[in-house]
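> Could you work out the structure for the sequence below:
(chains A and B)
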Amino acid sequence: MSRLGKFCGAFALATTLLVNGGQVNAQDSSAAQGGGGPAVAAAAPAAGGGGDVAKGKELFTNNCQQCHNTSEVALVGPGLKGVRQRTPSADWLHKWIRNSSAVVASGDAYAVKIYNQYNKVQMSSFPNLTDKDIDGILDYIDSESAPKAAVAATPAGGAASGGTTTAAASSGPSELFTLVLVALLVVMLLVLGVLFVIVNILSKAVSPQAVGLDSTTPTVPLVQRLREGLTNTVSNSTVRSVAIWLFLFVATKMSIDGLYSIGIQQGYAPKQPIAYSHKLHAGQYKIDCNYCHTGVNKGKSATIPAANICMNCHGVIKKESPEIQKIYAAIENNQPIEWIRVHNLPDLAYFNHAQHVNVGNVQCQSCHGEIQKMEVVEQRSSLTMGWCIDCHRKTEVNTKDNAYYDKLVALHRKESREPLKVANIGGLECSKCHY
Amino acid sequence: MKFNHIALLAVGTFGTLLLSSCGDDHNDTGTQYAPQMYDAVGYEPYRQVKANTINPYGLNMRDPARGTVARPNYHTSFGKGDSTTKDLMIYNIPKDSIAIAERTLVNPIASNAANLDEGKILYGRFCIHCHGENGKGDGLVGKEYAGVPNYSVGDYKTMNDGHIFHVITHGKGRMWPHGSQMTPEERWKIVLYVHKLQQG
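As a prediction, this is how the structure comes out:
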């Protein structure tokens, strides 16, 4: 089950990688076309204001790209393909880009229409852009959208290569899947073959011919021979005593292990009400642990984020996903999301996150394992007292830039040459954690 | 008779395998020896052993009363000696009054290397994944989120203390409020660092 899960995860990851790779390729090729299409770009400035396309590209990347595409696709604001043709005048565009809110406030019909159409989001003002800068940006937008039309007309060269990349990317995942399947099949067949060989050898070993009784008599059926062989082995007293001792040993070991595991939840990885993946958020997107677990530097508990923190991103990203919809439902019904606690430290032991993370500068991963690689959070450490004490014995105290420790360090230096460990400042005292 | 032994052995092996495979259930916390020592007697906010009969949804946790300010976490005086400034750090300016924030607020925290370093750490925790390492709006999440501005261009370059503080607290445009995740002091330290990023 877990292996299947891993396999699916790996497959999904591979698919995303491939698809993303495909997008990157497609973008690269379009950029190459943009670069390779100065003829079209050169024609555009004549129609426009004679701006600088290269400078326009730079300005677009710095100022506009965050909210606008050069294609028809709307991002936060409208897609800018053909913006010159659809807006009232060049002068209007200059005014709008420098201070759109003033144009909206002036009651300009087109401005108000656009403002309302895009959810009344105020476009940022760019008062420092000159007319020439703006023309450069507009020329760049034209040069970005124009070559695509030219490419559509002449399906050769760059367009063909761009097309093939996308096609290869889209058929990529299924090819990979087939490959994996074939590889698995081959491995299975090999295992089957080896098993067959083993059975053959075994059957020869236990068959009367191998002992040399009679090599010419027709062979007894395999199952019967196996059964006879096994009965002989089982009735052998040495084999029996070895088996009994082995059984006793394994049973004792298992019961001792079982007893020791009482109250230890290592490996506990409960299914959560929402399939939140730390691998995606903390691993792929590198969102800091602190962003959601805001208490980790300040208090005893690292805190579980309230739904408002999820909404900081998911107010926009992946709103339609069924898992995200669960958060929406919780917020709309004012209902708590009942996450299942993974790390259950017994009440008889006190643990404080701030003390370890903020003061001690201990990384989250040293206790929680590689959270950034976990699809489902699992308790990696045993959280036993032995585990705590072991770390307190080994870990040096983070005394750097912390005046609280100055005298302790000085006193410790008088007695020992070893660096100051947690155990030296009472890290092994019972009452530090049990009170 | 002898065949029975084999059957017994087979059943035994199969049974052991079956039992040991059950031990791997990831949804099971396993046996507890003394639950009365493990489970808190008092109400714990993040541990719910049995349903609470008083609170809604049977939870131990409750929303704090509206307008509650967690005082122990807050510093109120900043700087040393004569340059000490007092700031109660209660932020009452409502979301739609960003202009008031721009006019009236001044960062109570001194702009020095130590505070700037802390601001950088806090920026790394709370802002970097959208706004990017250099505030260009090119963070890993920001690319997907879209509409994250570049701090060092246009009118973003000159946005003042009050504006930045207000936006962190209440959000603006596509950005959602982040006031619940940081104390005002932390937000002011981030403001310091954002000013550095505005310089490009």
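
> Can I get the helix or strand where A:Val104 lies as CSV, trimmed to CA atoms?
Per DSSP states H and E, A:Val104 falls inside helix A:100-105. This file holds the C-alpha atoms of helix A:100-105, laid out as CSV (Å, rounded to 0.1, in the frame of the first residue of the first chain):
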residue,chain,number,x,y,z
SER,A,100,-4.5,54.8,-13.7
SER,A,101,-6.5,55.8,-10.6
ALA,A,102,-6.5,59.4,-11.7
VAL,A,103,-8.0,58.4,-15.1
VAL,A,104,-10.6,56.3,-13.4
ALA,A,105,-11.4,59.1,-11.0
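
> Next, count neighbours for the closest residue to A:Phe351 other than its chain neighbours.
In this structure, A:Phe351 finds its nearest non-sequential neighbour in A:Leu345, 5.4 Å apart by C-beta to C-beta, 6 or more residues apart in numbering or on different chains. For the C-beta atoms, the positions are set from N, CA and C on the backbone; glycine is no exception. Neighbour count of A:Leu345, defined by other C-beta atoms under 10 Å in any protein chain shown: 15.

> before we move on, the earlier item: in the very next helix or strand once past the helix holding A:Val104, what's buried?
Later in the chain than helix A:100-105, the nearest helix or strand by DSSP H and E is helix A:109-117. Of the residues in helix A:109-117, A:111, A:114-115 count as buried by neighbour count, 16 or more other C-beta atoms under 10 Å in any protein chain shown.

> For helix A:109-117, what does the pLDDT average out to?
What helix A:109-117 shows for mean pLDDT is 87.

> ok, now stretch A:385-393?
Throughout stretch A:385-393, pLDDT has a mean value of 95.

> Which positions in that stretch come out as buried?
Buried residues in stretch A:385-393, counting neighbours by 16+ other C-beta under 10 Å, are found at A:388, A:391-392.

> now stretch B:126-133
Buried, per 16+ other C-beta under 10 Å, within stretch B:126-133: B:126-132.

> got a list of contacts for it?
Around stretch B:126-133, the neighbours that count as contacts under C-beta atoms under 8 Å, 6 or more residues apart in numbering or on different chains are A:285-288, A:290-291, A:313, B:123, B:137-142, B:145, B:148, B:151, B:175, B:178, B:181-182, B:190, B:194.

> Can you get me a residue count around A:Cys433?
18.

> The residue nearest to the spatial centre of chain B and B:Asp96, how far apart?
The C-alpha lying nearest the average C-alpha coordinate of chain B belongs to B:Gln181 (C-alpha atoms, centre = their mean; 4.5 Å). Distance, B:Gln181 to B:Asp96, by C-beta to C-beta, to the nearest Å: 21 Å.

> Ok, A:Cys391 next?
A:Cys391 sits at a distance of 50 Å from B:Asp96 (criterion: C-beta to C-beta).

> Any chance of the backbone angles for the residue nearest to A:Val362 when sequence neighbours are not counted?
Excluding the flanking residues, the one nearest A:Val362 by C-beta to C-beta, 6+ apart is A:His356, at 4.6 Å. Backbone geometry at A:His356, expressed as degrees, to the nearest 10, gives phi -80, psi -40.

> Then B:Ser77?
phi -120, psi 140.

> and what of B:Thr85?
Per degrees, to the nearest 10, the backbone of B:Thr85 is at phi -120, psi 150.

> what bridges to it?
B:Phe78 (DSSP bridges).

> got a list of what it touches?
B:77-79, B:108 are the contacts of B:Thr85 under C-beta under 8 Å, 6+ apart.

> pLDDT score assigned to it?
B:Thr85 carries a pLDDT value of 72.

> Can you tell me how far it is from B:Val106?
Distance from B:Thr85 to B:Val106, by C-beta to C-beta: 9 Å.

> Repeat that for A:Ile389.
50 Å.

> Likewise for B:Pro64?
29 Å.

> so what pLDDT did A:Val376 get?
94.

> oh, I was asking about A:Ile287
95.

> Surely it is in contact with B:Gly142?
No. With contact defined as C-beta atoms under 8 Å, A:Ile287 does not count as touching B:Gly142 (11.2 Å).

> Next, count neighbours for the nearest residue to B:Leu192 once chain neighbours are set aside.
The shortest distance from B:Leu192 to any non-neighbouring residue, by C-beta to C-beta, 6+ apart, is to B:Gly119 (4.5 Å). Look at B:Gly119: counted by other C-beta under 10 Å, it has 24 neighbours.

> tell me which element B:Gly119 is part of?
Going by DSSP H and E, B:Gly119 is in helix B:113-126.

> swap in B:Lys189?
helix B:184-198.

> do A:Gly258 as well
Using DSSP H and E, A:Gly258 sits within helix A:237-260.

> Report the next helix or strand after the one helix or strand in chain B whose mean pLDDT sits lowest in sequence order.
None of the helices or strands of chain B scores lower by mean pLDDT, DSSP states H and E than helix B:2-22, at a mean of 61. Downstream of helix B:2-22, the first helix or strand assigned by DSSP H and E is helix B:35-38.

> That following helix - what's its average pLDDT?
Mean predicted lDDT for helix B:35-38 stands at 84.

> in that helix, what counts as buried?
Result for helix B:35-38 [16+ other C-beta under 10 Å]: buried residues B:Tyr38.

> Give me the residues contacting it.
Residues from elsewhere that reach helix B:35-38 (C-beta under 8 Å, 6+ apart): A:263, A:344, A:346-348, B:32.

> switch the cut-off to 7 Å
A:346-348, B:32 (C-beta atoms under 7 Å, 6 or more residues apart in numbering or on different chains).

> what's the answer for stretch A:105-124, then?
A:76-78, A:87-88, A:96, A:100-101, A:103-104, B:149, B:154-156, B:173.

> what does stretch B:189-200 give?
For stretch B:189-200, using C-beta under 7 Å, 6+ apart, the contacting residues are B:107, B:109, B:111, B:115-116, B:118-120, B:122-123, B:126-127, B:134-135, B:151-152, B:156-157, B:161, B:164-165, B:168.

> List the buried residues of that stretch.
Using 16+ other C-beta under 10 Å as the test for burial, stretch B:189-200 gives B:189-198.
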